[in-house]
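[1] with the input below, show me the fold.
(one chain, ligands or ions: 1)
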Amino acid sequence: MIIRTNYLHKFSHRNAETQRILWNGSLLCVSAPLREILSLACLVTVLATFTSAEETLDGKDGRNLALDQFEPKSTLRVPEHPLSRAKFPVVDVHVHPRYKLHSVPEQLDEAVRVMDQQNIAVCVSLDGRLGEELEEHKKYLWTKYRDRFVIFANIDWQGDGQPDDPSSWACHRPDFGRRMAVALADAKRRGVAGLKIFKRLGLEYRNPDGSFVAIDDPRWDPIWEACGKLQLPVLIHTADPVAFFMPIDRFNERWEELHRHPEWSFAGDEFPTHDELLAARNRVIERHPLTTFIGAHVANYPENLGEVGRWLDKYPNLHVEIAARIAELGRQPYTARKFFLKYADRILFGTDGPRPPGRLSPHWRLLETRDEYFTYAENQYPPQGLWNIYGLGLPDEVLRKVYAENAERLIPGISERLQKFANSPVEQP
Ligand SMILES: [Zn+2]
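    Below you'll find the predicted structure:
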């Protein structure tokens, strides 16, 4: 067996037919029926070995290389300034303690320890929900860390309806918008600071006739109006990266990631397009000029900062936050730097965390340094595009605005927490 394996390995570059012939030749001295059996066995082994040889796309010895095996180590030698904490106190306006910490107290302790170490003063939990669940979440975050978290509510579109029967959903009953407006006023009294809308609005929730619930459906107008009156900013996640709306093929710049997560794809006629979703969101922003909107993930169009800039010019009530988009911003340092300088009053800091130190550091490095061609995540595969990023080297006054001042101005409850953080004896490393 060992000999055979070596033999096959040696000839693995030849085609199966050639190998079968070689093997038949080497079996001539064996009796005919046995030769038949052995020959068949050999053929099977040859094919199996051949297949596995083809699967080993490791790029060695002239073999091809599979994309998910490609881990180039840069030979570039330029000055490096890895940063272990932010230069100024930070407000992270986009975290998910309910989903990412699973409401485990020890995990919250650890997250706050990382916040201290990284100079993150306050986090905005986007997982508050409403009613009893809101109370639970407040208890989780605020029992020990009231000064470090503010909480955004979420709308429960489904209510007590059946998940697979949209006609039974709360949002399709009369007066849903008005009832949610009342619920939001109540949530405000209980201490929530804003409303988070998930991308499921536009990409998942359905009308009774099977069509997608439109983001700009007038039935939700009372919700947006209430947020304006109550001064609850709306952090709205609409659509996803542009590449997620394109076919998963060799032209897709996020192929490797979509190949691992095909469920993230919204390509195809059954989904609205990226443009349609963002246009529907923008109509809501336009219709409600007295409501503050924060477009999650650079309004989900960091691939086209020129267009985001035009929206910011057009809608004074729109702001953006940068969570989970440092890979996009950092691959266009000239354009992104100009964008930050021009819209310094409109950009908020976010991470989609809580994140471990290794994922936070590239954020500081992107915004504060002019480092070149560095990794934005420690993962084996860069999680959001197979490329490296460049620092923007933002001036201090822009950093202060993006890190905290804009959030302080827009989100209730941030200012007093920043004050306390500034006065607290947090150990400086
Ligand atoms: Zn998020």
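[2] buried sites along stretch 176-195?
    176-177, 179-181, 183-184, 187-188, 191-195 (16 or more other C-beta atoms under 10 Å). (Glycine included, C-beta is placed from N, CA and C.)
[3] sitting in strands, which of the residues you listed do you find?
    When these are checked against strands (DSSP state E), the matches are 194-195.
[4] okay if I get the buried residues of stretch 176-195 as CSV plus distance to residue 424 and pLDDT?
    Converted to CSV, these look like this (distance: C-beta to C-beta, whole Å; pLDDT from 0 to 100):
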residue, distance to residue 424, pLDDT
176, 43, 98
177, 41, 98
179, 40, 97
180, 37, 98
181, 37, 98
183, 34, 98
184, 31, 98
187, 28, 98
188, 27, 98
191, 21, 98
192, 24, 98
193, 20, 98
194, 24, 98
195, 29, 98
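[5] just the closest of the buried residues of stretch 176-195 to residue 120, please.
    Minimum distance to residue 120 across the buried residues of stretch 176-195 is 16.6 Å, recorded for residue 193 (C-beta to C-beta).
[6] list the contacts for residue 345?
    401, 406 (C-beta atoms under 8 Å, 6 or more residues apart in numbering).
[7] gap between it and residue 245?
    30 Å (C-beta to C-beta, to the nearest Å).
[8] ditto for residue 423
    47 Å.
[9] okay, the two: which has more neighbours?
    Ranked by neighbour count (other C-beta atoms under 10 Å), residue 423 and residue 245 place residue 245 first, with 19 against 8.
[10] can you list the weak-confidence ranges in the stretch 201-350 of the chain?
    By pLDDT under 70, the stretch 201-350 of the chain has no low-scoring segment.
[11] what ranges do the strands span in it?
    234-236, 293-295, 318-321, 347-348 (DSSP state E, counting those that start in this stretch).
[12] need those in a markdown table (columns: mean neighbour count).
    Listed next are the strands of the stretch 201-350 of the chain as a markdown table, based on neighbours: other C-beta atoms under 10 Å:
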| stretch | mean neighbour count |
| --- | --- |
| strand 234-236 | 24 |
| strand 293-295 | 27 |
| strand 318-321 | 26 |
| strand 347-348 | 26 |
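[13] may I see the buried residues of stretch 81-95?
    So, applying 16+ other C-beta under 10 Å, buried residues of stretch 81-95: 83, 85-86, 88-95.
[14] ok, those vs residue 145, which is closest?
    residue 95 (12.1 Å).
[15] residue contacts, the residue nearest to the closest one when sequence neighbours are not counted?
    Leaving aside its chain neighbours, residue 95 sits nearest to residue 123 (4.5 Å; criterion: C-beta to C-beta, 6 or more residues apart in numbering). Shown in contact with residue 123 (C-beta under 8 Å, 6+ apart): 91-92, 95, 97, 115, 148-150, 353-354.
[16] buried subset of these?
    Neighbour counting with 16+ other C-beta under 10 Å marks 91-92, 95, 97, 115, 148-150, 353-354 as buried within the contacts of residue 123.
[17] can you give me the helices in the stretch 101-250 of the chain?
    105-118, 131-145, 176-189, 200-203, 221-230 (DSSP state H, counting those that start in this stretch).
[18] reformat these as a markdown table; add distance to residue 392.
    Output for those, formatted as a markdown table (distance: least, C-beta to C-beta, whole Å):
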| stretch | distance to residue 392 |
| --- | --- |
| helix 105-118 | 19 |
| helix 131-145 | 31 |
| helix 176-189 | 36 |
| helix 200-203 | 30 |
| helix 221-230 | 31 |
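[19] of all those helices, which one comes closest to residue 261?
    Nearest to residue 261 among those is helix 200-203; the distance by C-beta to C-beta comes to 14.9 Å.
[20] buried residues in the closest one?
    Neighbour-count burial for helix 200-203 [16+ other C-beta under 10 Å]: 201-203.
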